[in-house]
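Novice: below: sequence and its predicted model.
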Amino acid sequence: MRRWIGRRGRWTLASELVRRSLVVEHRLLEWMYRFRVSTSKLATLARTRSEAGMSTAEYAVGTIAACAFAGLLFKIVSSPDVRKMLSDLISRALKLAG
């Protein structure tokens with residue numbers, strides 16, 4: 001602490017800046033430690049917490065949505081206009097390839 005005191009026992013500008021920077025550094029290190037502790041606690045909590053039933057409900061909703069989309073797609077593709085358009089497209093592609 002002697003290096004911070006000026007010639008006449010007073011604080012100099014440089015010594016005050018050094019002291020304040022050390023205070024700020026100490027506060028930053030303290031916040032970093034708190035952040036690490038809280039994130040590790042959250043990670044531990046997330047690993048140990050059971051989510052039984054959540055995946056089942058999510059799979060059920062996803063399956064219902066996929067079935068609804070498949071039914072809608074089947075209805076669109078099986079319509080006569082779309083069927084004719086797809087057969088024309090395939091026949092044109094086969095003519096170009098062969």
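Specialist: All right, it came through fine. Numbers count the residues shown, from 1 in each chain.
Novice: Val18: neighbouring residues, count only.
Specialist: 13 (other CB atoms under 10 Å). For glycine as for every other residue, the C-beta is placed from the backbone atoms N, C-alpha and C.
Novice: what about Ala60, neighbour count?
Specialist: With other CB under 10 Å as criterion, Ala60 counts 10.
Novice: go on, Tyr33?
Specialist: Counted with other CB under 10 Å, Tyr33 comes out at 10.
Novice: what of the one 5 residues further on?
Specialist: Taking other CB under 10 Å as the neighbour definition, Ser38 ends up with a count of 10.
Novice: distance of it relative to Thr44?
Specialist: Relative to Thr44, Ser38 is positioned 11 Å away (CB to CB, to the nearest Å).
Novice: what of Ala93?
Specialist: Counting by CB to CB, the gap from Ala93 to Thr44 is 57 Å.
Novice: dihedrals phi and psi, Val18?
Specialist: With angles defined as degrees, to the nearest 10, Val18 sits at phi -60, psi -40.
Novice: report pLDDT for it.
Specialist: If you check Val18, the pLDDT there is 74.
Novice: state the distance from it to Val24.
Specialist: Taken as CB to CB, the span from Val18 to Val24 is 11 Å.
Novice: could you do Ser78 as well?
Specialist: 70 Å.
Novice: same question for Arg83.
Specialist: In terms of CB to CB, Arg83 sits 73 Å off from Val24.
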